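# A predicted structure for the sequence below; I have some questions about it.
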Amino acid sequence: MLLLISPADVEEARECAKASQYLDIVDVKKPDEGSLGANFPWVIREIRDAVPADKPVSATVGDVPYKPGTVAQAALGAAVSGATYIKVGLFGCSTPDQAVTVMRAVVRAVKDYRPDALVVASGYADAHRIGCVNPLALPDIAGRSGCDAAMLDTAVKDGTRLFDHVPPDLCAEFVRRAHDSGLFAALAGSVRADDLGTLTAIGTDIVGVRGAVCERGDRTTGRIQPHLVAAFRAEMDRHRDLHSQEQSREQNREQSTVPAGN
């Protein structure tokens with residue numbers, strides 16, 4: 001499971017750089033423009049320059065409306081500015097077909113410029129509160145569009161969390177559908193360290209956090225702390241090892257039940 005951290009600005013990105021051995025992706029967003037708010041191109045460039053070259057940068061292009069041309073241009077701007085992962089929040093798409101139209105435009109714009117860039121179709125666990133596409137429709141939307149990943153976050157940052165809106169069994173179904181479509185599955189939304197056991201067990205590929213690695217656990221007024229990034233990674237690794245051990249025990253149990261001579 002990869003760890004994606006979302007700094008609020010270039011200064012915090014430098015704090016992420018201090019903990020770069022513990023994280024996998026540095027995410028660029030502008031929270032005051034929405035949960036997947038787009039930041040300025042020059043901020044993406046500055047953050048790209050602030051973190052080690054071997055750490056990919058992801059950038060959101062906003063909680064977007066159903067305007068495929070506008071969104072495609074924004075996505076291309078993020079790629080030109082140095083982002084490797086291009087995330088699109090399908091906020092204004094009320095049907096899967098609308099979402100597919102937007103994401104196909106994004107995929108073409110981004111891949112024509114940079115074929116190795118990864119396009120992420122992002123939906124919202126609390127979609128029922130804003131009237132956008134159902135969370136479990138995201139993997140199909142992403143697959144039909146030629147995206148590389150499907151992601152869930154929360155649209156309304158009011159203290160509710162990913163599992164408050166999409167419980168673990170449905171998150172597991174989201175991950176399964178993403179994998180069946182050949183996609184990475186990314187989950188975010190006020191994720192905490194005590195969620196990592198579940199996220200690991202269901203096969204999540206990327207986990208996105210901010211508050212969990214900020215002082216006082218406060219994503220708004222707290223600042224990212226390198227020692228908290230390191231602690232979060234240690235907990236991720238602990239759950240990875242526990243899960244691997246459990247899988248090994250299960251395999252041994254299955255082998256022990258095979259009749260002799262088979």
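Structure's in. What do you need? Numbering: from 1, shown residues only.

# Phi and psi next, for the residue nearest to the spatial centre of the chain.
In the chain, the C-alpha nearest the mean C-alpha coordinate belongs to A186, at 4.1 Å (Cα atoms, centre = their mean). Geometry field for A186 lists phi and psi as phi -120, psi 140, criterion degrees, to the nearest 10.

# In this structure it contacts V207, no?
Yes: at 7.4 Å, A186 and V207 qualify as touching, with contact defined as Cβ atoms under 8 Å. C-beta: built from backbone N, CA, C; applies to glycine.

# right, and L228 touches A212 too?
Yes: taking contacts as Cβ under 8 Å, L228 lies within contact range of A212: 7.4 Å.

# and D63, how many residues sit next to it?
By other Cβ atoms under 10 Å, the residues close to D63 number 22.

# Okay, it and T101: tell me how far apart.
As defined by Cβ to Cβ, to the nearest Å, D63 lies at a distance of 17 Å from T101.

# What values do phi and psi take at A185?
Torsion angles at A185 (phi, psi; degrees, to the nearest 10) stand at phi -110, psi 120.

# Quick check: bridge partners of it?
Taking DSSP bridges, one finds A150 as the beta-bridge partners of A185.

# That one: what's it in contact with?
In this structure, A185 makes contact with 139, 149-151, 174-175, 178-179, 203-206, judged by Cβ atoms under 8 Å, 6 or more residues apart in numbering.

# Downstream of the helix or strand encompassing G69, the next helix or strand is which one?
Secondary structure assignment for G69, by DSSP states H and E: helix 68-80. Sequence-wise, the next helix or strand downstream of helix 68-80 (DSSP H and E) is strand 85-89.

# Could you turn the buried ones of the contacts of A185 into a ChimeraX selection?
If you want just the buried ones from the contacts of A185 in ChimeraX, going by 16 or more other Cβ atoms under 10 Å, the selection is:
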select :139,149,150,151,174,175,178,204,205,206
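
# Let's have the contacts of A185 in CSV, adding distance to G123.
Shown next, in CSV, are the contacts of A185 (distance: Cβ to Cβ, whole Å):
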residue, distance to G123
P139, 10
A149, 12
A150, 7
M151, 7
F174, 9
V175, 14
A178, 11
H179, 17
G203, 18
T204, 15
D205, 16
I206, 14
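
# Name the nearest of the contacts of A185 relative to A50.
Distances from A50 to the contacts of A185, taken as Cβ to Cβ, are shortest for I206 (21.0 Å).

# excluding its backbone neighbours, what's nearest that closest one?
A186 (3.9 Å; Cβ to Cβ, 6 or more residues apart in numbering).

# tell me the contacts of that neighbour?
Taking Cβ under 8 Å, 6+ apart as the contact definition, A186 lies against 4, 120, 122, 149-152, 204-208.

# give me that answer again for 6 Å
With Cβ atoms under 6 Å, 6 or more residues apart in numbering as the criterion, the residues that contact A186 are 149, 151, 206.

# what sits against the closest residue to P41 other than its chain neighbours?
By the measure of Cβ to Cβ, 6+ apart, the closest residue to P41 outside its immediate chain neighbours is S81, 4.3 Å from it. Applying Cβ under 6 Å, 6+ apart to S81 gives the contacts 41, 44-45.

# What segments of the stretch 101-250 of the chain are strands?
With DSSP state E, counting those that start in this stretch as the definition, the stretch 101-250 of the chain shows strands at residue ranges 118-124, 149-153, 184-188, 206-209.

# low pLDDT regions in the chain?
Counting by pLDDT under 70, the chain shows low-confidence ranges at 258-262.

# correct me, but G123 touches P135?
Yes: look at G123 against P135 with Cβ atoms under 6 Å: they come within range, at 5.3 Å.

# Can you work out which residues contact both of the two?
When contacts are counted by Cβ under 6 Å, 6+ apart, G123 and P135 have L152 as shared neighbours.

# more neighbours, those two?
Neighbours around G123 and P135, counted as other Cβ under 10 Å, are more numerous at G123. The numbers are 30 against 23.
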